[in-house]
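Asks: how would this look folded up:
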Amino acid sequence: MDCIFCKIISGEIPSSKVYEDGDVCAFRDLNPQMPTHILVVPKLHIESAADITPDNSRCVAAVFEAVPVIAAAEGLRNGFRIITNCGPDACQSVRHLHFHLLGGGQMSESMK
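Replies: As a prediction, the model looks like this:
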């Protein structure tokens, strides 16, 4: 498999990791859209949110258990946003389920 996120998780490609446990890896986005922009990724390769099943949903739960820990460590006291893109129409650029954790400033209500 030639997945950039799997290579980051394995350490084959360097990244700015901010969190890691047995199920989750989180690292800074190379093209940040907010002062804090972290990608939170399950270590198990799941292509997108459309591929979440009862057999792999525990990994997704682990991501959402890690998010508040990461947000607190990053000082995101006034809130944050979590986004995932699913498929080509949503501009999913890497076919490995990932969540964008954004914060550190006032955001627009628009999701365009």
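Asks: could you pull out the helices in the protein for me?
Replies: Ranges of helices within the chain are 4-10, 57-73, based on DSSP state H.
Asks: put together CSV for these, with distance to Met34, mean neighbour count and mean pLDDT on each row.
Replies: For every residue, glycine as well, the C-beta is placed using N, CA and C. Listed next are the helices of the chain as CSV, based on distance: least, Cβ to Cβ, whole Å; neighbours: other Cβ atoms under 10 Å; pLDDT from 0 to 100:
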stretch, distance to Met34, mean neighbour count, mean pLDDT
helix 4-10, 20, 17, 97
helix 57-73, 12, 16, 98
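Asks: would you convert those into CSV that also reports distance to Asp23?
Replies: Formatted as CSV, the helices of the chain follow (distance: least, Cβ to Cβ, whole Å):
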stretch, distance to Asp23
helix 4-10, 11
helix 57-73, 4
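Asks: tell me how far the residue nearest the centre of the chain lies from Ser16.
Replies: Taking Cα atoms, centre = their mean, the centroid of the chain lies closest to Val40, which sits 2.5 Å from it. Plainly put, Val40 is 13 Å away from Ser16 if you go by Cβ to Cβ, to the nearest Å.
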